[in-house]
Structure formats: structure tokens, C-alpha cells
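> return a 3D structure for these sequence lines:
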Amino acid sequence: MSARTWEVTTHVTGKPRTVEIRLYSDVNHLRGAATRHNAWSGETGTFTEAAGVCHGFTRGRVGPDGHWDEDQTVAIIRLAKTHLNPLVIIHEVAHAAQHIYGLDYDDGKHVEEHMHSGNEDFAYLMGELGSAVLGIFSATFTEETP
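Residues are numbered from 1 along each chain as shown. Predicted coordinates for the structure are as follows:
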């Protein structure tokens, strides 16, 4: 099953970070793809109840100079046309934003110490990602199909 794919990129944290958005025809295809991703990455879970899924990761390669070069893409959000609504979208975007925040704001503290109502960096990150992903599907919420 192929999925329609988009990418959204943010620079809020000072590093370019890309989140891949994959839209499946239905939730069963989404769950199958998410389960296969987990099997490939060594994680567990079959997502039998999932209406959306976000996989956060870090990947890269050793460059010609022998140093690790991290890829810009750090998450995949999987959505299904049959369950496409703002609640599911924002829920999965929150997972992606938390992952990016954890990657880029590691100052020796636990991320939980940063997660409070006055955290402007996280709010901007969440707002930028959420706005970009909702923008992709805005036609859906006016009864058009993306």
C-alpha cells in the first residue's frame, strides 16, 4: 500500500528538522505500515487501536570525514483518510514536536524540566509544525479531499 507523502520543515530550534507526513487510504493500512516500521526498527507494538502514529528517530551516516552526519528528517507522522481530523493531527504533531524538542534542547536537564506553560520555544515549535500539517489538509475540513 502506498501512501501520499508530504514533508514539513521547521527551523525553530536552530536546526533544520523535517517531519514526513504519510496519508493512507484507511486506518488498517496505517496500522500495518506502523507495525512494519516497528519491526524494522526493533520496537514492539501493533497499533491495533491507533487512529494516527508518530515515529520519532535519529538517523544518519558517517561522512567522508569520518564524522556522523545526522539526517534532517527526524519523524514520520502516519494519518488515515478515514480518521483525518484536527484532533488526530494535532495529537501526532505534539509527539513530533516533543521528539524534536528533546533532540535539540538537551542541556543536561530532563526534558520534563522544560515542559511548563511558559516554554515559548516549544510553543513556537508546536505552532509551526501544527500549522504546516493542518495547512496540508485544510481542504479536507471543508469537505474536499487532499
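
> please put the alpha-carbon coordinates of whichever strand or helix holds Phe122 into PDB.
Secondary structure assigned from DSSP states H and E places Phe122 in helix 120-137. What follows is helix 120-137, C-alpha atoms only, in PDB (Å, rounded to 0.1, in the frame of the first residue of the first chain):
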ATOM      1  CA  GLU A 120       7.900  29.700  24.400                       C
ATOM      2  CA  ASP A 121      10.400  27.600  22.300                       C
ATOM      3  CA  PHE A 122       8.200  24.500  22.500                       C
ATOM      4  CA  ALA A 123       5.000  26.600  21.800                       C
ATOM      5  CA  TYR A 124       6.600  28.100  18.700                       C
ATOM      6  CA  LEU A 125       7.800  24.700  17.500                       C
ATOM      7  CA  MET A 126       4.300  23.100  18.100                       C
ATOM      8  CA  GLY A 127       2.600  26.000  16.400                       C
ATOM      9  CA  GLU A 128       4.800  26.000  13.300                       C
ATOM     10  CA  LEU A 129       4.500  22.200  12.800                       C
ATOM     11  CA  GLY A 130       0.800  22.100  13.600                       C
ATOM     12  CA  SER A 131       0.000  25.000  11.300                       C
ATOM     13  CA  ALA A 132       2.000  23.400   8.500                       C
ATOM     14  CA  VAL A 133       0.400  20.000   8.800                       C
ATOM     15  CA  LEU A 134      -3.100  21.400   9.200                       C
ATOM     16  CA  GLY A 135      -2.500  23.500   6.200                       C
ATOM     17  CA  ILE A 136      -1.800  20.400   4.100                       C
ATOM     18  CA  PHE A 137      -5.200  19.000   5.000                       C
END
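
> contacts for that helix?
6, 8, 10, 12-13, 19, 21, 23, 77, 79, 84, 86, 89-90, 93-94, 96-97, 100-101, 105, 114-115, 146 (Cβ atoms under 8 Å, 6 or more residues apart in numbering). To be clear about C-beta, it is placed using only N, CA and C from the backbone, and glycine gets the same treatment.

> would you mind checking those for buried ones?
Listed as buried from the contacts of helix 120-137 are 6, 8, 10, 12-13, 19, 21, 23, 77, 79, 84, 89-90, 93, 96-97, 100-101, 105, 114; burial here means 16 or more other Cβ atoms under 10 Å.
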